[in-house]
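Q: 3D, please:
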Amino acid sequence: MTDGRVPAVGDTVRDTALDRIGVVMGHEGPHLQLCPINGGRYWDADPDAVLPLGPEELLLALLRAVNARSRRRL
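A: Okay, the predicted model is just below:
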C-alpha cells in the first residue's frame with residue numbers, strides 16, 4: 001500500500017495496476033494474493049499497487065457482486 005502498511009488477510013483492496021477489486025487471501029513472497037469478491041481465480045498483486053477501499057467503495061463493490069450472483073442464477 002502506498003502508506004507502507006501491508007493489508008491483512010480478509011481486507012478488500014483495489015489493485016491499481018489491474019484496476020480490479022479483490023480480497024486479500026494471503027501473502028506469497030513479496031506479493032499479495034487477491035481473489036475477486038465473487039470468488040474465482042486468484043492473482044498476485046504488488047503491495048505498493050493496492051489501495052484500501054473506503055466504506056462507500058466497499059459497499060458498491062459488494063452490491064455489484066451480489067447483483068452479479070443474482071443474474072447468474074436466473
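Q: from now on I want contacts and neighbour counts done on CA atoms only, so please keep to that.
A: OK.
Q: how many neighbours does the spatially closest residue to residue 41 that is not a sequence neighbour have?
A: Of all residues not flanking residue 41 in the chain, residue 35 sits nearest, at 6.3 Å (CA to CA, 6 or more residues apart in numbering). Counted with other CA atoms under 10 Å, the neighbours of residue 35 add up to 21.
Q: partners of residue 35 in the sheet?
A: Under the criterion DSSP bridges, residue 35 forms beta bridges with residue 23.
Q: I'd say it and residue 26 touch.
A: No - Residue 35 is beyond contact range of residue 26, at 9.6 Å (criterion: CA atoms under 8 Å).
Q: report the central residue of this protein.
A: residue 22 (1.5 Å; CA atoms, centre = their mean).
Q: next one, pLDDT for the closest residue in space to that one that isn't next to it in sequence please.
A: In this structure, residue 22 finds its nearest non-sequential neighbour in residue 36, 4.5 Å apart by CA to CA, 6+ apart. Reading off the confidence values, residue 36 has pLDDT 95.
Q: next, work out how far apart residue 36 and residue 12 are.
A: 9 Å (CA to CA, to the nearest Å).
Q: so for those two, which residues contact both of them?
A: Counting by CA atoms under 8 Å, 6 or more residues apart in numbering, the residues touching both residue 36 and residue 12 are 21, 22, 23.
Q: just the residues contacting the helix or strand containing residue 21, thanks.
A: Per DSSP states H and E, residue 21 falls inside strand 20-28. Applying CA under 8 Å, 6+ apart, the contact partners of strand 20-28 are 7-15, 32-37, 61.
Q: pLDDT at residue 29, what is it?
A: 90.
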